[in-house]
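*Asks:* got a structure for you, letters missing:
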RNA sequence: GCUCCCGUAGCUCAAUGGAUAGAGCAAGCCCCUUCUAAGGGUUAGAUGUAGGUUCGAUUCCUAUCGGGAGUACCA
């Protein structure tokens, strides 16, 4: 459908949601008709946004204010003019057609009169648009069926995107900084996939380099008797200590420093005296990392290693000395970034081994050769930003085509609230430790809740009054184990994702394993709550009627009497696709977090105020009406749970039915 | 020294140049006989400082103060 050669980022930038597209068309054509003198005005100048307050409307535009100068009129005057014309346009002829998601040839038609209501002017000249609830229902329903009215959901079909993330260093710890990296990387990957791109997850690991030399040097000074180091975790901890030892010696002792430098060279050139031990401890690290990936629900299609790309990296750099891309300097081979306003960096060290920069060139070429892509994303902490500028500048000199479609996406550091994190001093929080802390806390809460639940059941059954969520069995040990694991992962991941990607995180243990408020468990709780409504429904209707029989067509083109809470939920639900689009476009899963939290809050507000299943009628006419209200609320519950589940999936978080 | 990032409520974070700057924790008060209280409601609380651009600035520009990172053989 789209040109597959096009850069996915360009596609994302120029894509607008269903409603935005309609409104932009309307506004633009009314501006053209009202003010033909504005020949320079393009459709891209029409900015559509959501009003600050929901009761202002669903969408708004401030276009009138931007035209004040050109038109020498007051913004209200301009707005009034535009609104009148828009209303005329709608009345005249406007039925719009759009493509069906699954069936491209199928054109669906809809009269705009049935989509929009209440176009008004407010504030200093904003034009506000409100969408009819009846249409919102149809729209939301179609999003979750297979008949989406929103073609934006497949805009990246045909795009091949390589996402490199995690990148932990073997022989060192997997700490909470990596946790942020992997949470973001997995979420980006899933976001791209949700727009139908083909994603290849890549993990690039530094199995050669100074840190390896330091670790192996440290190992040689430690007691590595195997009988104590039986689990992957213990092995990893052992290596972490070895690294700290090596790093300390490297800084404090000249002789050790020499030994380590010598060792480093041996590692680079795969010296026979070292290769067995190097392989052995590398394996220790990698199998430990595997346990973490499994825990976090990430799978990589390809693991790259620095040792693998190192020879080719050297070759590439050397072959571009003659043409002046690289220069000899102090025995090393450097790239003079100054010619592009950057700084000089070493690509091949004077000992002859490639630095990170040299290896990265080898990697970039290998990636494209193995799996040609439209976009290659490399994710690292933002402290590496200047480094990547230079590396990509060098790459664009030798492989311009690859460089053009390669981007570096960075994110802020994860700092400890008290003091800095450093694997050198051993002052680190490992991913495992954090997850286990969270799990411990959750398990305690779950046990307490289960105990209370059991009390509640015995109390109500003694009264013969079986109500509440007592239709559920009490969670057994095994269930508690599974659920608390998922909640722990969710809590930790969510705490990493909810923050804007550029800001540093001041890591706080309690905050990151929080279960209340703006947290992963809160969203999962809301999901489980929705599910419990349906379990109750099933219990009430003895198995049949478990799915809502609310028919959306029943409500099309009708005025609905909905409570403000129900409307509130509707007015959040429909934004899902555009939020996904925005989160993907800006590499910001935090937008999706904010959205889901908003949805959950709205739903919980509704849930608290209105009964879903408890609606009973007296007369027969009333009964029909109340049956309808009940069905609508079930539909709303169903759709909310689906969006929460989908959204959490895009964050890399799995839901649970009960908790 | 130079370059980049960040300064928003007591704390942790939001806000494509737009309307009365949103949340969550923490604090106070209220709500489980009712579909999960890991919930809901309610009270109080903020844009480091000084200029500038703009119809409009938390957002852009300049200066200044404070915090972090990078700055040739680490990644």
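*Replies:* Right, received. Where do you want to start? Bear in mind the structure is a predicted one, so any value in this text is a computation, not a measurement.
*Asks:* report the beta-bridge partners for the nearest residue to residue A:406 once chain neighbours are set aside.
*Replies:* Spatial nearest neighbour of residue A:406, chain neighbours left out: residue A:376 (4.5 Å); criterion: CB to CB, 6 or more residues apart in numbering. Glycine gets a C-beta too; all of them are placed from N, C-alpha and C. Counting by DSSP bridges, residue A:376 is bridged to residue A:162, residue A:406.
*Asks:* quick one: residue A:376 and RNA strand B, what's the gap?
*Replies:* 18 Å (CB to the nearest atom of the strand, to the nearest Å).
*Asks:* check contacts around that residue.
*Replies:* Residues near residue A:376 by CB atoms under 8 Å, 6 or more residues apart in numbering: A:161-162, A:164, A:364, A:367-368, A:402, A:405-407.
*Asks:* repeat that for 10 Å
*Replies:* By CB atoms under 10 Å, 6 or more residues apart in numbering, the contact list for residue A:376 reads A:160-164, A:200, A:202, A:363-364, A:367-368, A:402-403, A:405-408.
*Asks:* what subset of those is buried?
*Replies:* Taking 16 or more other CB atoms under 10 Å as the criterion, what is buried in the contacts of residue A:376 is A:160-164, A:200, A:202, A:363-364, A:367-368, A:402-403, A:405-408.
*Asks:* and the helices in the stretch 551-659 of chain A?
*Replies:* Taking DSSP state H, counting those that start in this stretch as the test, the helices found in the stretch 551-659 of chain A are A:564-573, A:576-585, A:589-609, A:620-650.
*Asks:* average pLDDT across the last one?
*Replies:* If you average the pLDDT over helix A:620-650, you get 88.
*Asks:* what packs against it?
*Replies:* helix A:133-144, helix A:176-194, helix A:477-497, helix A:520-540, helix A:564-573, helix A:576-585, helix A:589-609 (3 or more CB pairs under 10 Å, 6 or more residues apart in numbering; DSSP states H and E).
*Asks:* near RNA strand B, anything from the second one?
*Replies:* No - remark: helix A:176-194 sits outside contact range of RNA strand B, by CB under 7 Å from any atom of the strand, the gap being at least 10.8 Å.
*Asks:* domains of chain A?
*Replies:* With domains defined by automatic domain parsing, chain A comprises A:18-149, A:160-429, A:432-650.
*Asks:* those domains into a markdown table, with extra columns for distance to residue A:658?
*Replies:* Listed next are the domains of chain A as a markdown table, based on distance: least, CB to CB, whole Å:
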| stretch | distance to residue A:658 |
| --- | --- |
| domain A:18-149 | 22 |
| domain A:160-429 | 20 |
| domain A:432-650 | 6 |
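*Asks:* is it true that residue A:396 touches residue A:342?
*Replies:* No - under the criterion of CB atoms under 10 Å, residue A:396 is not in contact with residue A:342, lying 11.7 Å apart.
*Asks:* just the closest residue of the stretch 301-450 of chain A to RNA strand B, please.
*Replies:* When scored by CB to the nearest atom of the strand, the stretch 301-450 of chain A has residue A:349 as its residue closest to RNA strand B, at 2.6 Å.
*Asks:* can you pull the contacts of that residue?
*Replies:* For residue A:349, the contact set (CB under 10 Å, 6+ apart) comprises A:264-265, A:268, A:331-333, A:355, A:358.
*Asks:* what of residue A:389?
*Replies:* Counted by CB under 10 Å, 6+ apart, residue A:389 has contacts A:337, A:340-343, A:345, A:408.
*Asks:* do that again at 6 Å, thanks
*Replies:* residue A:342 (CB atoms under 6 Å, 6 or more residues apart in numbering).
*Asks:* help me confirm that it is found in a helix?
*Replies:* Yes - secondary structure of residue A:389 (DSSP: H, G, I helix; E, B strand; the rest coil): part of a helix.
*Asks:* what segments of the stretch 151-300 of chain A are strands?
*Replies:* Taking DSSP state E, counting those that start in this stretch, the strands of the stretch 151-300 of chain A run over residues A:160-164, A:198-205.
*Asks:* please apply the same query to the stretch 1-150 of chain A.
*Replies:* With DSSP E, counting those that start in this stretch as the criterion, the stretch 1-150 of chain A has strands spanning A:59-61, A:95-99, A:107-111, A:116-122, A:126-131.
*Asks:* re the thing from before, turn the helices and strands packed on helix A:620-650 into a markdown table, including mean pLDDT, distance to residue A:273 and mean neighbour count.
*Replies:* Listed next are the helices and strands packed on helix A:620-650 as a markdown table, based on pLDDT from 0 to 100; distance: least, CB to CB, whole Å; neighbours: other CB atoms under 10 Å:
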| stretch | mean pLDDT | distance to residue A:273 | mean neighbour count |
| --- | --- | --- | --- |
| helix A:133-144 | 88 | 62 | 21 |
| helix A:176-194 | 95 | 31 | 24 |
| helix A:477-497 | 94 | 42 | 21 |
| helix A:520-540 | 92 | 49 | 20 |
| helix A:564-573 | 94 | 64 | 20 |
| helix A:576-585 | 94 | 49 | 22 |
| helix A:589-609 | 96 | 46 | 20 |
